[in-house]
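Colleague: quick one: sequence plus predicted model below, questions after.
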Amino acid sequence: MAAVTQTQKFSKQFLWGFATAAFQIEGSTNTDGRGPSIWDAFSREPGRTLDGRDGDVATDSYRLWKEDVKLLKEYGVRAYRFSLSWSRLIPLGGRDDPVNEQGIAFYNSFIDALLEAGITPFVTLYHWDLPQALHDRYNGWLNKDESVKDYTRYAQLCFSRFGDRVKHWLTINEPWCVAILGYGRGVFAPGRSSDRNRNAEGDSSREPWIVAHHVILAHAHAVKAYREEFKATQGGEIGITLNGDWAMPYDESPDNVAAAQHALDFAIGWYADPVYLGFYPPYMKEVLGDRLPEYSAEEWAIVKGSSDFYGMNTYTTNLIKAGGKDEFQGNTQYTFTRPDGTQLGTHAHSPWLQSYPDGFRALLNYLYKKYQKPIYVTENGFSVKDESFKSVSEAIKDTDRVDYFKGVTNALKAAVFEDGVDVRSYFGWSLLDNFEWADGYETRFGVTYVDYETQKRYPKDSARYLTKVGF
Ligand code: GBH
């Protein structure tokens, strides 16, 4: 691949910035009328997070949001991606439950401050924090009719209260994680799986596929409501955002080449094929049989075409070998070690993450060709190894993260300017170090270091680097 010069620039409309999610930064879980979410209780259970810490304070952004806006201004971003806490807006979550006006007021002030600073709000409706009351009431996402109706009403509330100013909506963040990590592996809230050492309830062979089926439907109904009731007057865009990493055959053997496609089918096609193409990947049907639920004709009509763009969260590339019994990976095996024993890239703190910029470019090309939609890169980032064990002055010299962003932004430019892929945003994950789910606070993804003792924020070199790229 030819080298690309840094002088090529994106258009003024290109939305670059950073991303966060409500539960990972807000804290104040019991303030101003917020109701509990499934992550509140889950993160407080002993053994659920690596460092035993929960989300009750996080980066304290519910209180310190003005500092976050100040940082965004300092970094010169054009856009900021954040999520709304459902249970802050509707504490009990349901369609007939009361709205919390204090929650509405909080996000109103926040959105207004962003706009005043010339920063475009890019809003996620659901980043994994289901209202606890809905889980207690009817088992949350396992209940199709109730969850679809309640989620749609929640989405409508957000469109009606914020849609005069918010023109970029994401329905669901990474449904793969909701289904597999929440209901398959049981490592994320609500913590359900077949593993009785880990979880008291659940069925890993069935629930993930059912939950995903319902989540897609809920997404599709929210989009339908937006298009029918809001789009004409508000003029915004709406879609889903999927996690998915590039999959490369371990070697050129036909089995491994086929396996790489199978890995993509289970990680991405599971959602993208229904939403953009109107069917489930045939390979998934082959593996899961009748455990993969079907939609009725009326449901397919709502699901197919239910995203205005492709929302892409990506972090790494995996080498794929055929075989193994991990159904969640489509019965393929993932590795970072090449046949000659070398590593694909630089190790992050997260065991599942290595840098590999060519994979980022390849994934953009694959998705654009297959789904033929403009792509919004809504998350991409790197956790530097052992960053939590360094002093602040050491940690902010985050060379591995700078190198990662250097590689990826060059790959992005190559995909856009050489390959002709239509990419419209780039959000680095994350504005701040924050609550990294089951990892607690030990794993840091921020371009800003957070000292959790004082809540002081320290820009890292990577923040400066992306500001300089400037897009
Ligand atoms: C994103 O997920 C999230 O949207 C964000 O909230 C999070 O903070 C960020 O990334 C960093 O982790 O080995 O089976 O457990 C990234 C997608 C998919 C990456 C699952 C980790 C682990 C698979 N994630 N993957 S497994």
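Modeller: Yep, that arrived.
Colleague: list the contacts of the closest residue to the ligand within the stretch 151-300 of the chain.
Modeller: Using C-beta to the nearest ligand atom, residue 243 is the residue of the stretch 151-300 of the chain that sits closest to the ligand, at 4.0 Å. Backbone N, C-alpha and C define where each C-beta goes, glycine included. Contacts for residue 243 (C-beta atoms under 8 Å, 6 or more residues apart in numbering) come out as 174, 176-177, 267, 313-315, 379.
Colleague: what do you get for residue 112?
Modeller: Going by C-beta under 8 Å, 6+ apart, residue 112 touches residue 165.
Colleague: please give the element, helix or strand, for it.
Modeller: helix 101-116 (DSSP states H and E).
Colleague: average pLDDT across that helix?
Modeller: The pLDDT scores in helix 101-116 average 99.
Colleague: who does the residue of the stretch 151-300 of the chain closest to the ligand bridge with?
Modeller: residue 313 (DSSP bridges).
Colleague: now the helices: where do they sit in the stretch 151-300 of the chain?
Modeller: With DSSP state H, counting those that start in this stretch as the criterion, the stretch 151-300 of the chain has helices at 175-176, 182-183, 207-225, 231-234, 254-264, 270-272, 282-288, 297-303.
Colleague: nearest to residue 143, of the ones you listed?
Modeller: helix 207-225 (7.6 Å; C-beta to C-beta).
Colleague: who does that closest one touch, helix- and strand-wise?
Modeller: helix 144-162, strand 168-173, helix 175-176, helix 182-183, strand 237-243, helix 270-272, helix 297-303 (3 or more C-beta pairs under 8 Å, 6 or more residues apart in numbering; DSSP states H and E).
Colleague: need those in a markdown table with mean pLDDT, can you?
Modeller: As requested, these are exported to a markdown table (pLDDT from 0 to 100):
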| stretch | mean pLDDT |
| --- | --- |
| helix 144-162 | 99 |
| strand 168-173 | 99 |
| helix 175-176 | 99 |
| helix 182-183 | 99 |
| strand 237-243 | 99 |
| helix 270-272 | 98 |
| helix 297-303 | 98 |
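Colleague: could you export the ones you listed as JSON lines, including distance to residue 427?
Modeller: Output for the helices and strands packed on helix 207-225, formatted as JSON lines (distance: least, C-beta to C-beta, whole Å):
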{"stretch": "helix 144-162", "distance to residue 427": "19"}
{"stretch": "strand 168-173", "distance to residue 427": "11"}
{"stretch": "helix 175-176", "distance to residue 427": "18"}
{"stretch": "helix 182-183", "distance to residue 427": "23"}
{"stretch": "strand 237-243", "distance to residue 427": "10"}
{"stretch": "helix 270-272", "distance to residue 427": "19"}
{"stretch": "helix 297-303", "distance to residue 427": "26"}
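Colleague: residue 327 is nearest to which of the ones you listed?
Modeller: Comparing these against residue 327 with C-beta to C-beta, the closest turns out to be helix 270-272 (11.5 Å).
Colleague: and stretch 251-263, which residues are buried?
Modeller: Neighbour counts over stretch 251-263 (16 or more other C-beta atoms under 10 Å) mark 256, 259-263 as buried.
Colleague: repeat that for stretch 196-208.
Modeller: Residues 199, 202, 204, 206-208 are the ones in stretch 196-208 that count as buried (16+ other C-beta under 10 Å).
Colleague: out of those residues, name the two that are farthest from one another.
Modeller: Maximum pairwise distance in those, criterion C-beta to C-beta, is 14.1 Å, between 199 and 206.
Colleague: report pLDDT for residue 405.
Modeller: Per-residue confidence at residue 405 stands at 98 (pLDDT).
Colleague: go on, the one 10 residues further on?
Modeller: Taken from the predicted model, the pLDDT recorded for residue 415 is 98.
Colleague: end-to-end on stretch 432-447?
Modeller: With C-alpha to C-alpha, to the nearest Å as the measure, stretch 432-447 spans 6 Å from end to end.
Colleague: avg pLDDT for it?
Modeller: For stretch 432-447, the mean pLDDT works out to 98.
Colleague: same deal with stretch 39-47?
Modeller: 98.
Colleague: need the CA coordinates for that stretch. PDB is fine.
Modeller: Output of stretch 39-47 as PDB, limited to C-alpha atoms (Å, rounded to 0.1, in the frame of the first residue of the first chain):
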ATOM      1  CA  TRP A  39     -24.800  -2.100  35.600                       C
ATOM      2  CA  ASP A  40     -25.300  -0.400  39.000                       C
ATOM      3  CA  ALA A  41     -26.000  -3.700  40.800                       C
ATOM      4  CA  PHE A  42     -23.800  -5.900  38.600                       C
ATOM      5  CA  SER A  43     -20.700  -3.700  39.100                       C
ATOM      6  CA  ARG A  44     -21.300  -3.800  42.900                       C
ATOM      7  CA  GLU A  45     -21.300  -7.600  43.100                       C
ATOM      8  CA  PRO A  46     -18.100  -9.000  44.400                       C
ATOM      9  CA  GLY A  47     -15.900 -10.400  41.600                       C
END
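Colleague: against residue 394, how distant is whatever residue of the stretch 351-471 of the chain ends up closest to the ligand?
Modeller: Closest residue of the stretch 351-471 of the chain to the ligand, C-beta to the nearest ligand atom: residue 352 (4.4 Å). With distances taken as C-beta to C-beta, to the nearest Å, residue 352 is found 24 Å from residue 394.
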